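Chemist: I would like the atomic coordinates for the input below:
(chains A and B)
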Protein chains: 2
Amino acid sequence: MKTIQLNSRPVGIPKLSDFKFVNKEKPTLADGEILLKANYISVDPYLRGRMMEGKSYVAPFELNKVMSSGMIAEVVESKLNGFSKGDHVSGMMEWKEFQTSKGEGLMKVDGSHVSLSVYLGVLGMTGLTAYLGLTEIGKPKAGETVVVSGAAGAVGSVVGQIAKIKGCRVVGIAGSDEKVEELKSKYGFDAGINYKTTTNMTQAIAECCPEGVDVYFDNVGGEISDAVMMNVNRFARIIVCGAISMYNATSVPMGPRVQPILIKNSALMQGFIVSNYTEKFGVAIPQLAKYVQEGKIISTETIVKGFDNVPQAFINLFEGKNKGKMIVEIEA
Amino acid sequence: MKTIQLNSRPVGIPKLSDFKFVNKEKPTLADGEILLKANYISVDPYLRGRMMEGKSYVAPFELNKVMSSGMIAEVVESKLNGFSKGDHVSGMMEWKEFQTSKGEGLMKVDGSHVSLSVYLGVLGMTGLTAYLGLTEIGKPKAGETVVVSGAAGAVGSVVGQIAKIKGCRVVGIAGSDEKVEELKSKYGFDAGINYKTTTNMTQAIAECCPEGVDVYFDNVGGEISDAVMMNVNRFARIIVCGAISMYNATSVPMGPRVQPILIKNSALMQGFIVSNYTEKFGVAIPQLAKYVQEGKIISTETIVKGFDNVPQAFINLFEGKNKGKMIVEIEA
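Modeler: Numbers count the residues shown, from 1 in each chain, chains lettered A, B, ... in the order given. Prediction:
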């Protein structure tokens, strides 16, 4: 069976050669274990950080060791009470076609009403990040203006839809005219900006936000965020959730200092990591499921097929090739 | 009588020629008014912002109009109920030797137990800024490490003393060996760093903060803050109170982007303006007065004498010539 190891720490945008496929024996099962077959593998921008050395909020991947991420797997054999053959589970798992587990950190998921892959998206870390980042830090009030960067991505598209549910004016920033069109037609955003074809982003944001920006959900950092910051209102809240524009930087990224803007506007900027909010998951997941059932949140996935394509699917995130959640489906 | 007007909008550090002394008739009193004689004038770094055009949290000064700031004045004549000759008042007033007022925004102050100037310092906006910025945003817990920049200044020296009262390890950054020595010997800071003689600030902060930085009270911005940010802990709180290093900038100040640090540490950065917290003044002022009475907060002032010296005293702030609160005393 195949596994995927970290072959080298990337410099700049990751390359296929930074990953290594290694064949291993299919594991055998001990008492108290389950044998899991990978169904869906989530590839996420934050994994770029784990490919580097150095202290962060999650431990770095080790060279020549198997990588991991959020996954959905099927129980194909069970010697563990509470898990039966045919069950599906969600959790952090290793990039292996098969693996054993003692069940720790795994949650059983039900694919009978929704696609199993949704548990990596709207009903998984993606949806939780969008919902909890927006509500816990952003605290949007009806009538306020919410700007989302990376708006057509997995988290951004959900953030925008939740902000609409909350009664906000919602403006999304994305990287193609097609994506911008979908923000409006599919997700109900009030306006969208294609940052790749807009020369003056500060002005474009001002035009889309005639009453200024109250909440900025930042998935990208860099110059896009500089332009949003030029438009924030008094008491603005900025959720610093991702910085995909900086993940591949090879030197310390420089930009205009934010302190004068924060003082002038009594604004708040806070780093958001969903794993700090686990005690809220129990309330958030049913709420997200309700929104999905009611048709208030549309879940979008870019599905890539085949275990062999995990590295390329990950690399494609940095070129904006996904719409919504990027997921690799392992064929049966 | 003399008044001080804004003569030109400064470029870089303000010059004496940016101010203009204009003689006016001493005002006469109408019914419902009091005549005020200036006693003490507060000069503060934030006034630099008001000398520029453009929207901010306080209206800019107008060219060829009298400037203003926090002042203490004596009532020398009264045609207003509630105010008597000989009373002293604190509030925002104009830079005039004499002025009339209808009493709006003025607070009577008692100079019988403390120097009247203290109502511009520890028992005024300075002390409130230190206390409310630290407690409302910083929320320091006993055992945590608090770093203060501009630590020998009006706000910084009070922040450090309050952080000590809260049971924190307190590290101050200041601009001379003498100031650093006083941080420790006079205000009880645990350690101090002279940024002017320290080549590697990031390392110096790491050495003074072996358990990292939990709260950073930022009065200065710029490279000093970059170095503190390299040392912040998970869940750090950064109070962005002042940015004196940037107030005289003639182009947009650039620096390392903070977003990756905020994400990695789930850290919070928030702009602080004391006037957003007026509903807390009634609790904060008696608390500060109690600390002063108990000897837990030492109030330091740099007193410059003479109305003619207001502009130079203000300019001196940007060269760090003050220790504690810079105040101009108007001779009788």
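Chemist: quick one: secondary structure of residue A:181?
Modeler: With DSSP: H, G, I helix; E, B strand; the rest coil as the basis, residue A:181 sits in helix.
Chemist: give the bridge partners for the closest residue to it other than its chain neighbours, please.
Modeler: Nearest-residue entry for residue A:181: residue A:192, 7.5 Å, with adjacent residues in sequence omitted and distances by CB to CB, 6 or more residues apart in numbering or on different chains. The C-beta positions use only the backbone N, C-alpha and C, and glycine is treated the same way. Beta-bridge pairing of residue A:192 under DSSP bridges involves residue A:172.
Chemist: quick one: residue A:192 from residue A:174, how far?
Modeler: Computed with CB to CB, to the nearest Å, the distance linking residue A:192 and residue A:174 is 6 Å.
Chemist: can I assume the residue nearest to residue A:181 is in contact with residue A:172?
Modeler: Yes: contact between residue A:192 and residue A:172 holds when scored by CB atoms under 8 Å: they sit 4.7 Å apart.
Chemist: any shared contact partners between these two?
Modeler: Taking CB atoms under 8 Å, 6 or more residues apart in numbering or on different chains as the criterion, residue A:192 and residue A:172 both touch A:151, A:180, A:183.
Chemist: I'd say the last one and residue A:176 touch.
Modeler: No: Residue A:183 is beyond contact range of residue A:176, at 10.6 Å (criterion: CB under 8 Å).
Chemist: show me what the longest strand seen in chain A is packed against.
Modeler: Secondary structure of chain A per DSSP state E: the longest strand is strand A:68-78. On a contact count with 3 or more CB pairs under 8 Å, 6 or more residues apart in numbering or on different chains; DSSP states H and E, strand A:68-78 meets strand A:34-42, strand A:88-94.
Chemist: what's the offset of that strand from the middle of its chain?
Modeler: Counting by CA atoms, centre = their mean, to the nearest Å, strand A:68-78 is centred 20 Å from the centre of its parent chain.
Chemist: that strand versus strand A:88-94: what angle between them?
Modeler: Orientation check (axes from the mean of the first three to the mean of the last three CA atoms, to 10 degrees): strand A:68-78 against strand A:88-94 gives 130 degrees.
Chemist: avg pLDDT for strand A:68-78?
Modeler: Averaged over strand A:68-78, pLDDT sits at 97.
Chemist: that strand to strand A:34-42, inter-axis angle?
Modeler: Angle between the axes of strand A:68-78 and strand A:34-42 is 150 degrees (criterion: the same axes, to 10 degrees).
Chemist: name every strand pairing with strand A:68-78 and say which way it goes.
Modeler: Strand pairing for strand A:68-78, using DSSP bridges, gives strand A:34-42 (antiparallel), strand A:88-94 (antiparallel).
Chemist: coming back round to it: give me whichever of the helices and strands packed on strand A:68-78 is most buried.
Modeler: Stretch with highest mean neighbour count among those: strand A:34-42 (a mean of 24; mean count of other CB atoms under 10 Å in any protein chain shown).
Chemist: keeping just the C-alphas, turn that one into PDB.
Modeler: In PDB, the C-alpha atoms belonging to strand A:34-42 read as follows (Å, rounded to 0.1, in the frame of the first residue of the first chain):
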ATOM      1  CA  ILE A  34      -9.600  -0.800  13.900                       C
ATOM      2  CA  LEU A  35      -8.300  -1.000  10.400                       C
ATOM      3  CA  LEU A  36      -9.100   2.100   8.400                       C
ATOM      4  CA  LYS A  37      -9.200   2.600   4.600                       C
ATOM      5  CA  ALA A  38      -8.800   6.200   3.500                       C
ATOM      6  CA  ASN A  39     -11.900   7.600   1.700                       C
ATOM      7  CA  TYR A  40     -11.300  11.300   1.500                       C
ATOM      8  CA  ILE A  41      -8.200  13.400   2.300                       C
ATOM      9  CA  SER A  42      -8.500  17.100   3.100                       C
END
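Chemist: what's next to the helix or strand following it, contact-wise?
Modeler: Following strand A:34-42 in sequence order, the next helix or strand is helix A:47-50 (DSSP states H and E). By CB under 8 Å, 6+ apart, the list of residues contacting helix A:47-50 from outside reads A:10, A:14, A:56, A:58-61, A:67, A:69, A:247-248, A:314, A:318, B:264.
Chemist: cool, and stretch A:321-330?
Modeler: Counting by CB under 8 Å, 6+ apart, A:37-44, A:97, A:117, A:120-122, A:126, A:152-154, A:157, A:179, A:182, A:299-307, A:309-310, A:313-314, A:316-317 sit against stretch A:321-330.
Chemist: now do the end-to-end distance for that stretch.
Modeler: Distance across stretch A:321-330, first residue to last, is 19 Å (CA to CA, to the nearest Å).
Chemist: one step back: pull up the overlap in contacts between residue A:183 and residue A:176.
Modeler: Applying CB under 8 Å, 6+ apart, one finds that residue A:183 and residue A:176 are jointly contacted by residue A:152.
Chemist: comparing these two, which residue is more hemmed in?
Modeler: residue A:183 (27 against 15; other CB atoms under 10 Å in any protein chain shown).
Chemist: what are the buried residues along the longest strand of chain A?
Modeler: Residues of strand A:68-78 classed as buried: A:68-75, A:77-78 (neighbour count, 16 or more other CB atoms under 10 Å in any protein chain shown).
Chemist: and the helices and strands packed on strand A:68-78 as CSV, adding mean pLDDT and distance to residue B:279?
Modeler: Formatted as CSV, the helices and strands packed on strand A:68-78 follow (pLDDT from 0 to 100; distance: least, CB to CB, whole Å):
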stretch, mean pLDDT, distance to residue B:279
strand A:34-42, 97, 46
strand A:88-94, 96, 45
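Chemist: I'm done for today, thanks for sticking with me.
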